[in-house]
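In: okay, sequence plus prediction incoming.
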Amino acid sequence: KVNIMVSFLLSNTWLLDHSRVFFSVYCSSWLLYLCVSQCSAKNLKNISELFYYAQKAVLHPTGPLYCPEEKEMKPSCIKSLTRIFKVSDLDNDGILNDKELNFFQRTCFNMPLAPQALEDVKNVVRKNMTDGVEDNGLTLKGFLFLHTFGCDDDLELHQEYLFPLLKIPADCTTELNHNAYLFLQSVFDKHDKDRDCALSPEEVKDLFKVFPYMPWGPDVNNTVCTNDQGWITYQGYLSQWTLTTYLDVQRCLEYLGYLGYSIICEQESQAAAITVTRNKRIDLQKKQTQRSVFRCNILGARGSGKTSFLQAFLGRNLLRKIREDHKSFYSINTTYVYGQEKYLLLHEVMPDFDFLSEEDLACDVVCLVYDVNNPRSFEYCAKVYKQYFMDSKTPCMMIASKSDLHEARQHYSLTPLDFCRKNKLPSLFK
Ligand SMILES: Nc1nc2c(ncn2[C@@H]2O[C@H](COP(=O)(O)OP(=O)(O)OP(=O)(O)O)[C@@H](O)[C@H]2O)c(=O)[nH]1
């Protein structure tokens with residue numbers, strides 16, 4: 001009905017002025033409004049604009065982003081934008097230079113900005129704040145002043161984005177491919193600020209700032225190689241990623257999502273980072289494999305030396321004590337097979353004989369560890385072998401640990417050596 005109102009107002013200029021005042025007072029006391037527009041169905045005044053604003057209000061609500069009472073962005077919005085800023089800041093210097101800003105622009109809006117447009121954007125920020133532009137690039141403050149990326153209305157990353165569909169058939173394993181390792185290498189370089197090829201606790205914290213939670217606990221330092229200070233080395237860092245990909249590929253996809261893998265590497269999804277290996281049975285038939293990660297489960301009676309064995313694989317001796325709550329049941333490191341680098345993952349299985357799960361038994365090779373100094377320890381290995389592995393195709397080897405100590409006679413009908421001979425196991429490893 002605005003056509004009636006307009007003609008009425010036009011005949012009374014005083015009222016016209018005051019109606020504007022009334023409108024603005026009315027609107028500012030009602031905070032949910034997004035915009036105010038006059039329209040008329042009779043005169044077709046502002047009809048398309050009305051539909052445009054209505055659609056915009058539904059599809060791109062500002063509610064999750066902006067608090068109109070405080071006239072500032074909501075904390076969740078700031079957190080998301082900070083994450084985006086850190087992912088886009090490829091050299092991690094705290095400033096988005098023209099290249100990084102253009103990358104962000106291309107990723108979000110599918111087109112780069114012309115050099116002049118880049119300058120204009122920075123000038124807008126310069127005009128509005130003093131510390132929004134530094135070294136001719138956007139600071140986080142300047143970036144926050146500007147905008148938003150890949151979030152739903154709750155400002156959480158989409159589940160479809162974090163967990164893209166990836167089918168893993170039975171008897172197949174998951175590994176990172178070459179491009180994913182290159183990406184992870186660049187993430188490492190970005191955060192290894194002092195270039196010592198290891199991540200200090202601060203550097204680890206900085207690396208995971210784009211995550212909603214800290215994904216690595218203190219056990220990781222006992223899972224992979226560290227330097228003299230106990231900091232995770234480059235090798236250790238890649239090993240930990242390899243382990244996560246092998247044991248829990250969904251987690252790996254999620255983590256890569258937080259790091260912005262698919263965006264930075266311009267891939268359809270994080271699934272592009274994963275190689276699903278050929279069925280293990282086919283590998284065994286053909287006696288060939290393309291795999292680069294192999295799993296070895298370590299079984300043995302309590303106190304037989306399993307943890308020490310896992311730690312020795314990371315180059316550590318018994319002097320290094322591990323806090324019980326920092327203990328890891330995995331260790332992973334690289335090893336060479338016919339001149340090719342492979343990852344070997346060792347998994348310590350809990351010695352409760354009656355509770356061996358399928359996961360405890362499924363692996364590429366089994367190590368049965370007994371303590372030469374403990375006369376009761378071989379019996380456990382013999383029992384486990386006979387019950388679970390005698391008829392399986394999984395290769396087994398017997399390890400005599402603590403060979404620096406006196407060798408006690410084992411309480412078992414056969415000596416360990418005779419047991420190996422009888423069952424055609426490789427000769428004892430000491
Ligand atoms: N002398 C000697 N002691 C060892 C050796 N390996 C392990 N030990 C000691 O044996 C004890 C048990 O070793 P762990 O590695 O904890 O054995 P474990 O099988 O993991 O023990 P649980 O986790 O309790 O089943 C520790 O006190 C180690 O220091 C070795 O090669 N020589």
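Out: Yep, that arrived. Residues are numbered from 1 along each chain as shown.

In: SS state for Asn297?
Out: The three-state assignment at Asn297 reads strand, by DSSP: H, G, I helix; E, B strand; the rest coil.

In: roughly how far apart are the residue most central in space within the chain and Gln240?
Out: Central residue of the chain (Cα atoms, centre = their mean): Tyr255, 1.4 Å from the mean position. The spacing between Tyr255 and Gln240, counted by Cβ to Cβ, to the nearest Å, is 10 Å. In this view, the C-beta of every residue, glycine as well, is placed from N, C-alpha and C.

In: quick one, helices of the stretch 251-400 of the chain?
Out: In the stretch 251-400 of the chain, the helices defined using DSSP state H, counting those that start in this stretch lie at 261-264, 280-286, 306-312, 358-361, 377-384.

In: how about the first one: buried residues?
Out: Under the neighbour-count criterion of 16 or more other Cβ atoms under 10 Å, helix 261-264 has 261-264 buried.

In: taking the stretch 151-300 of the chain, what residue is nearest to the ligand?
Out: Gly300 (5.4 Å; Cβ to the nearest ligand atom).

In: excluding chain neighbours, give the residue nearest to that residue in space.
Out: Spatially, and ignoring its direct neighbours in sequence, Gly300 is nearest to Val369 (3.4 Å; Cβ to Cβ, 6 or more residues apart in numbering).

In: burial of the one you found, as a residue count?
Out: A count of nearby residues for Val369, using other Cβ atoms under 10 Å, gives 26.

In: what helix or strand is Lys99 on?
Out: If you go by DSSP states H and E, Lys99 is part of helix 98-109.

In: and that helix, how far out from the chain middle?
Out: Offset of helix 98-109 from its chain centre (Cα atoms, centre = their mean, to the nearest Å): 23 Å.

In: how about that helix: buried residues?
Out: Neighbour-count burial for helix 98-109, counted by 16+ other Cβ under 10 Å, picks out 98, 100-105, 107.

In: tell me what the helix or strand just after it is packed against?
Out: Per DSSP H and E, the first helix or strand lying C-terminal to helix 98-109 is helix 115-128. If you count contacts as 3 or more Cβ pairs under 8 Å, 6 or more residues apart in numbering; DSSP states H and E, helix 115-128 packs onto helix 98-109, strand 133-134, strand 137-139, helix 140-146.

In: could I get these as JSON lines with mean pLDDT?
Out: Shown next, in JSON lines, are those (pLDDT from 0 to 100):
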{"stretch": "helix 98-109", "mean pLDDT": "79"}
{"stretch": "strand 133-134", "mean pLDDT": "90"}
{"stretch": "strand 137-139", "mean pLDDT": "90"}
{"stretch": "helix 140-146", "mean pLDDT": "82"}
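
In: which one of those lies nearest to the ligand?
Out: helix 140-146 (46.2 Å).

In: so what's Val133 up against?
Out: The neighbourhood of Val133, defined by Cβ atoms under 8 Å, 6 or more residues apart in numbering, consists of 122, 125-126, 139, 142.
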